[in-house]
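Student: I'll drop the sequence and a predicted model, then ask my questions.
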Amino acid sequence: MADAMSAILETTQAERLATGFVFTEGPLWHPDGFYYFADVRASMLYRIAPGRPHEVVREKTGGGNGTTFDLQGRLILCEGDNRRVARQAADGRFEVLVDRFEGKRLNRPNDVVCRSDGSLYFTDPGLRVPLAEREVPHAGVYRVAPDGAVNLVADFEYPNGLAFSPDERLLYVANTRWAQYIHVLELDADGRMLRRRIFADMSSDETDGVPDGMKVDVEGRVYCTGPGGTWVFASDGTQLGIIRTPEVPANLAFGGPDLRTLFFTARTSVYTLRAKTPGQPHPWSRLRAR
C-alpha cells in the first residue's frame, strides 16, 4: 500500500490553511481561485484562497453541508436543518431548489453532485430526523432533472457522500451507518439506475471516522473519507491505502489551477496536500473553459 500511495501523493505532510471551526464540510473549488467550505454545526459558509484568511460567505445556513455548482455556475447547497437543497440566486440570496418528493418533505439533504447533462444528484438520509417528523419513510439518492423534476434513484440505509466515475456511468455512494461501505450504482444514458453493487467494504477497527465525503480522480480512483483518514481505492475497488491528516476529515475536494491539490475539511480545520493525479473538473468548469 505504501508504494501505491507514493504513486498517488506528491506531498504527505498536510498544510493547515485555517482552524477554529466546529465541524467543517462541503469543500468545493471555484475556478476563480478559492475554495468554498461549510461549518455544519455553526451554520456558516466560508470561502478561502490559499495564503489568505478565510471569509464569511453566509451566516445561518440551516445546517449547510454538501456543495456543488449547476451548469450556470450557481452555488448549490444542501441545508440539512432546513431539510432542503438550495440554490444561490444572482442577488446572493439562497432559494429553494427542492424540498419535497411527491409532496412530502425531505428528511435531511446531505451531499450533492452535478452531472454533465445538468442534472443534480443528492443524498437524503433520514436517521437524524425524529421518526414522528419523517414524511418520506426511506433514505435515498435523488435526481433533479434540468427541468426540475425530482426522481428517486435508489433507496439506502444511510446515504452520505457521492461522486461520479469519469464517464458518469457509475455513481458511488458512501453508506455511513450500520454497515460501512461504498455502493456503486450503474446508470443508463438518462441517469436512471440499471443495477447496484457493493464497491468496497470500509469496516475498520479504527473508531474515528465513517464513510462520508467522496471524490474521483481522472484515472478513476475513488477517494472516500472514513475511519482513520481518507481511503483511496483503485477503480476495481482494491484499497490502495489511507491518507492520514492531523484531524480525520469528513470530506475533500480537488482544487488549484491544475486540480492536483487535495483540500480536506477535517473537524476544526481545513488542510491541503498535493496529489500527482488531478481530480475531475466540474462540468461547469469545462463549459466555462470553452
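Tutor: Looks like it arrived, so ask away.
Student: List the buried residues for the lengthiest helix in the chain?
Tutor: For the chain, the longest helix by residue count, based on DSSP state H, is helix 283-289. Buried residues in helix 283-289, counted by 16 or more other Cβ atoms under 10 Å: 283, 284. Where you see a C-beta, it was placed from the backbone N, CA and C, and this is true even at glycine.
Student: So which residues make contact with it?
Tutor: 31, 69, 70, 71, 72, 73, 114, 115, 116, 118, 281 (Cβ atoms under 8 Å, 6 or more residues apart in numbering).
Student: Which ones among those map onto strands?
Tutor: 69, 114 (DSSP state E).
Student: export the contacts of helix 283-289 to JSON lines and tack on neighbour count?
Tutor: Listed next are the contacts of helix 283-289 as JSON lines, based on neighbours: other Cβ atoms under 10 Å:
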{"residue": "31", "neighbour count": "16"}
{"residue": "69", "neighbour count": "24"}
{"residue": "70", "neighbour count": "21"}
{"residue": "71", "neighbour count": "19"}
{"residue": "72", "neighbour count": "10"}
{"residue": "73", "neighbour count": "15"}
{"residue": "114", "neighbour count": "19"}
{"residue": "115", "neighbour count": "17"}
{"residue": "116", "neighbour count": "13"}
{"residue": "118", "neighbour count": "16"}
{"residue": "281", "neighbour count": "16"}
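Student: want to try JSON lines for the contacts of helix 283-289, with distance to residue 175 as columns?
Tutor: Formatted as JSON lines, the contacts of helix 283-289 follow (distance: Cβ to Cβ, whole Å):
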{"residue": "31", "distance to residue 175": "31"}
{"residue": "69", "distance to residue 175": "26"}
{"residue": "70", "distance to residue 175": "26"}
{"residue": "71", "distance to residue 175": "28"}
{"residue": "72", "distance to residue 175": "31"}
{"residue": "73", "distance to residue 175": "31"}
{"residue": "114", "distance to residue 175": "22"}
{"residue": "115", "distance to residue 175": "21"}
{"residue": "116", "distance to residue 175": "25"}
{"residue": "118", "distance to residue 175": "27"}
{"residue": "281", "distance to residue 175": "27"}
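Student: For the contacts of helix 283-289, give me JSON lines that also has distance to residue 143 and pLDDT.
Tutor: Formatted as JSON lines, the contacts of helix 283-289 follow (distance: Cβ to Cβ, whole Å; pLDDT from 0 to 100):
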{"residue": "31", "distance to residue 143": "25", "pLDDT": "96"}
{"residue": "69", "distance to residue 143": "17", "pLDDT": "98"}
{"residue": "70", "distance to residue 143": "13", "pLDDT": "98"}
{"residue": "71", "distance to residue 143": "15", "pLDDT": "97"}
{"residue": "72", "distance to residue 143": "18", "pLDDT": "96"}
{"residue": "73", "distance to residue 143": "20", "pLDDT": "97"}
{"residue": "114", "distance to residue 143": "11", "pLDDT": "98"}
{"residue": "115", "distance to residue 143": "8", "pLDDT": "98"}
{"residue": "116", "distance to residue 143": "14", "pLDDT": "96"}
{"residue": "118", "distance to residue 143": "11", "pLDDT": "97"}
{"residue": "281", "distance to residue 143": "21", "pLDDT": "96"}
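Student: ok, residue 64 - how many residues close by?
Tutor: 29 (other Cβ atoms under 10 Å).
Student: Which strand residues bridge the residue nearest to it when sequence neighbours are not counted?
Tutor: With sequence-adjacent residues excluded and distances taken as Cβ to Cβ, 6 or more residues apart in numbering, residue 64 is closest to residue 38, at 4.5 Å. The partner list for residue 38 in beta bridges (DSSP bridges) reads residue 25, residue 45.
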